[in-house]
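K.L.:
Fold the stuff below for me.
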Amino acid sequence: MLILENLWWLLVLIGVMIMIHELGHYWAARFFDVHVETFSFGFGPRLFGFRKGETDFRFSAILFGGYVKMAGEQPGDSTDDPRGFLAKPRWQRLIIALAGPTMNVVLAIALVTGLFMIRYPKPADPNAPALVGNVLPDSPAAKAGIREGDVIVQLDDLQRPNWEAIVTREVSGANRTFQVAVERRGKRIETTVTPVLDEKTGIGFAGWADQSEVQIANVSPGMPAEQVGLQRGDLMLAINGIPIRSRFKLQEVIRASGGKPVQIDFQREGRRQSVQLHPVFSDLDGTGRWMIGAYFEDRVVFTRLPLHEALAESTRYNVKGATLIYQFLRGLIERRVSAKSVHGPIGIAQLSGEAAREGPFAFVGLMAMVSLNLAVINLLPIPIMDGGVVLMLLIEMLMRRDMSLPVKEMVFKLGFVFLMMVMAFVIYNDIARILPPGALLPRW
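P.N.:
Okay, here's the model as predicted:
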């Protein structure tokens, strides 16, 4: 039942993405009077649809994708139609190709703007220095001499960075050495930190975390946290008498408990309370550990932004997101980030279902993130994708003539094969995450 629910929410998610993306191509093509033959949701054989004017609007058998087919678009198509795609000036074709990804960017900005107008997560202290709240033993940060209570005052060329900037560089900087300076009791100490590649997440990991107030984000039904009455929004104060300055420190103490009871001091509605609970051992995601069934997050203050502020903040948020995607792709090429962290349709289905069950804010936020990712991926200079079309048009503009038909056909075929290989790889990744470690390896 859960699989069907995840599949449904995946179809809702990608349905909106496909519709918006292809509408961008369709509207731009119609604006330049290009003959649009087909507007398809999905690939393969036609299932059902309707015809409006000269365009067949259809649903096809394979729902994971969509396309707009314009007359004279593919190499080898007839160029006799004056309203065909290839009969139009290159600058018009360039705009038509860019219209799809542009619509996905507009959608991402619009969705996040709407969220910020209703519920904007503002850090409790946005101007706080980058204070280290936890350092995992034997981690790159620990080996570099970083300690709890240090203030990171420099990270390479960044002076007085905040934790957002630090984490952005950390996740895309596996096996890259960073020059780090910290302040400790009024003294400046310089060192180097080289994040390692986390095999589970496929991203860089330094083993440090910020110091912040920690609250409960969610409580799992039937687990110890729910049984003793902990609730979402409870502010964590201490565990076994140890002040909580980082959610990672809290998790570290729980995992090291060995099942022995732990005492948690927390605050609810201004009142300090205390509970004792017994962690349980769980083999969640193939990683056995002691847990209490609570998810923690840094405390934030929620507010509402007026339209102009929400739009500006959404634009900044999406620019930062696009930059992070670019850095991630660069890390893949430089082999500093593992391709295992890339999600395919199965992984996105799981994320869609989890976000939908968490609530509309989480689902809309995921939709905005996927829309931005779709825009960036589509703009990569890969044949058969929008970025590949744009690249070929730019080359033709520089050459002032069309590429030969055999070259275009070869590029198109190579792009299709590459895309199928990527799809097969990400599906394999998704299955590998679900199955126990080593399940996909051959047995002799």
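K.L.:
Can you mark which positions in the helix or strand residue 312 falls within are buried?
P.N.:
Per DSSP states H and E: residue 312 is located in helix 307-333. Of the residues in helix 307-333, those buried by neighbour count under the rule 16 or more other CB atoms under 10 Å are 310-311, 313-314, 317-318, 321-322, 324-325, 327-329, 331-332. In this view, the C-beta of every residue, glycine as well, is placed from N, C-alpha and C.
K.L.:
Would you check which pair of these lies furthest apart?
P.N.:
With CB to CB as the measure, no two of those lie farther apart than 310 and 332, at 32.5 Å.
K.L.:
Check whether the residue sitting furthest away from the middle of the chain sits in a helix, strand or coil.
P.N.:
Within the chain, the residue lying farthest from the chain centre (CA atoms, centre = their mean) is residue 80, at 44.1 Å. Following DSSP: H, G, I helix; E, B strand; the rest coil, we place residue 80 in the coil state.
K.L.:
same question, the one 3 residues further on
P.N.:
When states are read from three-state DSSP, the local structure at residue 83 comes out as coil.
K.L.:
pretty sure it contacts residue 37?
P.N.:
No. Counting by CB atoms under 8 Å, residue 83 stays clear of residue 37, with 10.7 Å between them.
K.L.:
so what's in contact with the two at the same time?
P.N.:
residue 71 (CB atoms under 8 Å, 6 or more residues apart in numbering).
K.L.:
Residue 228: how many residues sit nearby?
P.N.:
By the measure other CB atoms under 10 Å, the count of residues near residue 228 is 13.
K.L.:
typo on my end, residue 163
P.N.:
Using other CB under 10 Å, the number of residues around residue 163 comes to 22.
K.L.:
And residue 371, by the same measure?
P.N.:
26.
K.L.:
quick check, it in a strand?
P.N.:
No. Residue 371: not assigned to a strand; according to three-state DSSP it is helix.
K.L.:
Surely it is in contact with residue 19?
P.N.:
No. Between residue 371 and residue 19 there is no contact, the gap being 11.1 Å when judged by CB under 8 Å.
K.L.:
that older thread, what average pLDDT does the helix holding residue 312 get?
P.N.:
The average pLDDT for helix 307-333 rounds to 87.
K.L.:
by contact count, what packs against that helix?
P.N.:
Identification of packing neighbours for helix 307-333 by 3 or more CB pairs under 8 Å, 6 or more residues apart in numbering; DSSP states H and E yields helix 90-118, helix 163-171, helix 360-378.
K.L.:
what angle separates that helix from helix 90-118?
P.N.:
Interaxial angle of helix 307-333 relative to helix 90-118 (axes from the mean of the first three to the mean of the last three CA atoms, to 10 degrees): 120 degrees.
K.L.:
distance of the residue farthest from the centre of the chain from residue 369?
P.N.:
Counting by CB to CB, to the nearest Å, the gap from residue 80 to residue 369 is 44 Å.
K.L.:
how about the nearest residue to residue 180, chain neighbours excluded?
P.N.:
residue 193 (5.0 Å; CB to CB, 6 or more residues apart in numbering).
K.L.:
now residue 323
P.N.:
Among residues not flanking residue 323 along the chain, residue 168 sits closest, at 7.8 Å (CB to CB, 6+ apart).
K.L.:
Check the burial of the one you found by counting its neighbours.
P.N.:
For residue 168, using other CB under 10 Å, the count is 17.
K.L.:
distance of the nearest residue to residue 311 once chain neighbours are set aside from residue 342?
P.N.:
Closest residue in space to residue 311, ignoring its immediate chain neighbours: residue 113 at 5.0 Å, by CB to CB, 6+ apart. As for residue 113, its distance to residue 342 is 28 Å (criterion: CB to CB).
K.L.:
When the two are compared, which one has more neighbours?
P.N.:
Comparing residue 113 with residue 342 by neighbour count (other CB under 10 Å), the higher total belongs to residue 113, at 22 against 17.
K.L.:
give the contact list for that one.
P.N.:
307, 310-311, 314.
K.L.:
Closest to residue 158 out of the residues you listed?
P.N.:
Lowest distance from residue 158 to those (CB to CB) belongs to residue 314, with 23.9 Å.
K.L.:
So that closest one sits against residue 112, correct?
P.N.:
Yes. Proximity of residue 314 to residue 112 meets the contact threshold set by CB under 8 Å, at 4.0 Å.
K.L.:
where are the low-confidence patches of the chain?
P.N.:
By pLDDT under 70, the weakly predicted segments of the chain are 1, 75-79, 123-127, 284-287, 336-341, 429-430, 432-444.
K.L.:
which residues in it form helices?
P.N.:
For the chain, applying DSSP state H gives helices covering 2-31, 90-118, 140-143, 163-171, 224-227, 247-255, 307-333, 345-358, 360-378, 386-399, 405-434.
K.L.:
from the chain's centre, how far out does the second one sit?
P.N.:
Think helix 90-118. Counting by CA atoms, centre = their mean, to the nearest Å, helix 90-118 is centred 17 Å from the centre of its parent chain.
K.L.:
before we move on, what about the third one?
P.N.:
If you compare the mean C-alpha spot of helix 140-143 with that of the full chain, they lie 27 Å apart, counting by CA atoms, centre = their mean.
K.L.:
what comes up buried for that helix?
P.N.:
Buried, per 16+ other CB under 10 Å, within helix 140-143: 140-142.
K.L.:
ok, now the first one?
P.N.:
Residues of helix 2-31 classed as buried by neighbour count (16+ other CB under 10 Å): 6-7, 9-10, 13-14, 17-22, 24-26, 28-29.
K.L.:
With stretch 395-408 instead?
P.N.:
residue 408.
K.L.:
measure that stretch end to end?
P.N.:
From its first residue to its last, stretch 395-408 covers 12 Å (CA to CA, to the nearest Å).
K.L.:
i'd like the first residue to be 35 from this point on
P.N.:
Okay, using 35 as the starting number, the last item reads as stretch 429-442.
K.L.:
how far is it from where the chain is centred?
P.N.:
36 Å.
K.L.:
Strands of the stretch 135-284 of the chain, residue ranges please.
P.N.:
If DSSP state E, counting those that start in this stretch is used as the criterion, the strands of the stretch 135-284 of the chain fall at 154-157, 164-169, 185-189, 192-193, 212-218, 221-227, 230-231, 238-239, 242-244, 248-253, 269-273, 276-277.
K.L.:
Paired strands for the second one, with orientation please.
P.N.:
Think strand 164-169. Paired neighbours of strand 164-169 in the sheet (DSSP bridges): strand 185-189 (antiparallel), strand 242-244 (antiparallel).
K.L.:
got it, and the last one?
P.N.:
Taking DSSP bridges as the criterion, strand 276-277 pairs within the sheet with strand 269-273 (antiparallel).
K.L.:
May I have the partner strand as CSV, with CA atoms only?
P.N.:
Taking C-alpha atoms only, strand 269-273 is exported to CSV below (Å, rounded to 0.1, in the frame of the first residue of the first chain):
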residue,chain,number,x,y,z
LEU,A,269,13.1,22.3,23.0
MET,A,270,15.9,19.9,24.1
LEU,A,271,18.0,21.2,27.0
ALA,A,272,20.1,18.3,28.3
ILE,A,273,20.7,14.6,28.1
